[in-house]
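Novice: sequence? don't have it. structure:
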């Protein structure tokens with residue numbers, strides 16, 4: 001449904017009805033969206049419609065949900081820091097400027113998007129040999145073989161002017177820069193927003209962990225579902241379990257194609273995973 005047609009209100013009324021009818025406890029309802037502003041709005045509307053029980057519904061941004069997964073599972077995994085800190089966009093740009101120094105002749109925000117794109121491809125393509133330096137070289141090489149047009153669309157300045165030197169330069173120094181960036185994060189026990197998604201994906205590939213999280217929820221509601229990337233959907237479908245699922249959004253509204261948001265792919269995968277007779281549109 002297009003913008004302004006009441007998707008969030010409908011979602012809030014639906015959750016209120018679920019709670020009023022006793023179909024689920026508030027803690028068994030998960031609501032996800034993709035920005036802090038949208039998350040706050042969803043939380044407020046659910047509480048308005050459902051009252052006090054609505055305040056106990058699990059309302060999260062996608063990144064904060066991934067944070068919950070990692071934080072919860074960190075004590076069980078020796079390769080995860082229990083005291084990790086999140087590097088927000090400003091922190092990441094500062095780190096990039098520090099790494100590049102006087103050589104920085106492109107916006108740090110552009111390099112941040114480029115790093116996120118490269119790390120997401122690492123996860124989507126499951127390039128994980130145990131040698132991070134080799135993995136970085138492999139993913140950059142594959143990007144140039146298969147995703148160069150998408151790469152070029154990311155390599156723009158603050159005025160959306162193409163940066164052909166950055167496109168070609170990433171092939172030469174992108175892998176080593178990615179390794180330096182990740183090593184600095186590791187030294188600080190830091191994770192950036194892309195790391196949250198990648199780490200959560202790796203954890204939820206373990207059947208026991210996926211089953212544990214799937215068992216928590218009877219209802220899963222995803223607002224602005226058109227902004228779900230294929231990587232993010234790969235995480236979500238691991239926790240669907242036997243829950244009833246609401247995908248709310250508008251296939252024509254996505255603005256995140258540059259980071260892998262392909263709603264038509266998500267819808268097709270959803271229909272392939274769930275029997276058509278169980279889907280209501």
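Specialist: That came in fine, so what should we check first? Keep in mind that this is a model prediction, so the values were computed, not measured.

Novice: pLDDT value on residue 223, please?
Specialist: pLDDT recorded at residue 223 is 87.

Novice: Double-check it against residue 38; I have them as touching.
Specialist: Yes: under the criterion of Cβ atoms under 8 Å, residue 223 makes contact with residue 38 at 6.7 Å. All C-beta atoms are positioned from the backbone trio N, CA, C, and that covers glycine.

Novice: who touches both of these two?
Specialist: Listed as contacting both residue 223 and residue 38 by Cβ atoms under 8 Å, 6 or more residues apart in numbering are residue 8.

Novice: Those two: which is more packed in?
Specialist: Remark: of residue 223 and residue 38, residue 223 carries more neighbours, 22 against 16, as counted by other Cβ atoms under 10 Å.

Novice: Next up, the contacts around that one.
Specialist: Contacts of residue 223 by Cβ under 8 Å, 6+ apart are 7-8, 11, 31-33, 38, 42, 248-249.

Novice: ok, now with 6 Å
Specialist: Listed by Cβ atoms under 6 Å, 6 or more residues apart in numbering, the contact partners of residue 223 are 33, 248.

Novice: Can you give me the distance of it to residue 57?
Specialist: Using Cβ to Cβ, to the nearest Å, one gets 13 Å for the distance from residue 223 to residue 57.

Novice: State the pLDDT value of residue 34.
Specialist: 84.

Novice: The residue nearest to it when sequence neighbours are not counted: how many residues sit nearby?
Specialist: Spatial nearest neighbour of residue 34, excluding adjacent residues (Cβ to Cβ, 6 or more residues apart in numbering): residue 227 at 4.8 Å. For residue 227, the tally of surrounding residues (other Cβ under 10 Å) stands at 23.

Novice: Got the phi and psi for residue 227?
Specialist: Dihedral angles of residue 227 (phi, psi; degrees, to the nearest 10) stand at phi -90, psi 0.
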